[in-house]
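> here's a sequence, model it:
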Amino acid sequence: MGRITETVKVLIIINVICFVGTLISGDLAYKLFSLYYFENPSFQIWQPLTHMFMHGSFMHILFNMYALWAFGSPLEMRWGRKKFLFFYFSAGFGAAFIYLLVNYLKIHSGYDAMMAAGMDQTQIMTFLETGQYNTNILQSIPKETIQMMYNTFHTPAVGASGAIYGVLVAFGLMFPNIELMLIFLPIPIKAKYFIPLIILGDLIFGITGSPFGIAHWAHIGGAIFGFIMAYYWKRNSFDSTRWD
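Residues are numbered from 1 along each chain as shown. As a prediction, this is how the structure comes out:
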């Protein structure tokens with residue numbers, strides 16, 4: 001985790017420029033470029049790409065860009081620019097796919113419950129658009145389920161975290177015995193232990209529900225796609241082949 005590589009530097013610069021742009025334009029940028037659920041009217045075809053360059057706060061972008069520098073630079077040095085970029089965006093798109101898939105399952109499980117409770121399709125769509133519903137259905141459906149469905153439909157995802165998790169997993173596979181000393185964990189721990197630990201935490205929060213508004217399933221999606229690619233490359237010795 002030494003010098004910053006050129007591609008990583010460019011990615012960080014683009015992310016910072018986009019973050020400054022959101023500070024200037026406010027809600028407009030988030031409305032256009034965040035990743036909305038694909039059945040939401042605000043969803044646009046470019047959002048699986050553009051959401052990777054959107055961040056919700058200074059700390060959000062700070063941690064993501066630190067991780068991109070610390071773990072992405074060694075991978076770019078090992079793989080080369082083109083291969084690293086292919087990996088990075090593939091993990092990001094994989095994260096978006098898993099995130100949208102999980103949201104689809106959540107929303108349609110709620111949809112089925114509402115249909116079983118006697119609501120028709122028009123009433124359900126009105127609820128998804130306005131948040132208003134007949135309180136009689138609370139006799140059949142927990143209020144938490146209804147709120148989860150509405151929030152999932154309307155809350156977009158932002159951030160490079162999905163792609164970053166792919167980078168983290170690849171780093172752990174390529175450099176498993178490197179000891180990491182992190183700000184929030186001031187003791188050395190090998191990458192092969194630390195990275196599965198944080199993914200396990202995301203899995204737990206993803207299943208139980210996060211109190212912090214974090215898209216844990218996007219993290220897990222990036223980790224899954226990152227693992228598949230990095231493991232395949234390493235097993236077939238492609239990780240030592242640079243795409244300059």
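
> could you look up the SS state of residue 132?
coil (DSSP: H, G, I helix; E, B strand; the rest coil).

> which non-adjacent residue is nearest it?
Setting aside the residues directly before and after it, residue 132 is nearest to residue 126 in space (C-beta to C-beta, 6 or more residues apart in numbering), at 6.9 Å. All C-beta spots, glycine's among them, are computed from the backbone N, C-alpha and C.

> what packs against the host helix or strand of residue 88?
Per DSSP states H and E: residue 88 is located in helix 81-116. Secondary-structure packing of helix 81-116 (3 or more C-beta pairs under 8 Å, 6 or more residues apart in numbering; DSSP states H and E): helix 6-25, helix 47-50, helix 73-79, helix 121-130, helix 143-154, helix 161-174, helix 216-235.

> re earlier: what's the spacing between the residue nearest to residue 132 and residue 79?
50 Å (C-beta to C-beta, to the nearest Å).

> of the two, who's got more company?
More neighbours surround residue 79 than the other of residue 126 and residue 79, with 25 against 14 (other C-beta atoms under 10 Å).

> so how far is residue 81 from the residue lying closest to that one once chain neighbours are set aside?
Distance criterion C-beta to C-beta, 6+ apart; nearest residue to residue 79, sequence neighbours excluded, is residue 242 at 6.0 Å. Residue 242 sits at a distance of 9 Å from residue 81 (criterion: C-beta to C-beta).

> circling back to that earlier point, part of a strand, is the residue nearest to residue 79?
No - going by three-state DSSP, the assignment for residue 242 is coil, not a strand.

> which ones are touching it?
78, 79, 80, 83 (C-beta atoms under 8 Å, 6 or more residues apart in numbering).

> let's see that with 7 Å instead.
By C-beta atoms under 7 Å, 6 or more residues apart in numbering, the contact set of residue 242 is 79, 80, 83.

> just the residues you listed now: which is nearest residue 105?
For the contacts of residue 242, the closest approach to residue 105 (C-beta to C-beta) belongs to residue 83, at 33.0 Å.

> circling back: would you mind putting the contacts of residue 242 into a markdown table with pLDDT alongside?
What follows is the contacts of residue 242, written out as a markdown table (pLDDT from 0 to 100):
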| residue | pLDDT |
| --- | --- |
| 79 | 94 |
| 80 | 94 |
| 83 | 95 |
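
> against residue 86, how distant is the residue nearest to residue 170 when sequence neighbours are not counted?
Leaving aside its sequence neighbours, residue 170 sits nearest to residue 230 (C-beta to C-beta, 6+ apart; 3.8 Å). To residue 86, residue 230 is 12 Å away according to C-beta to C-beta.
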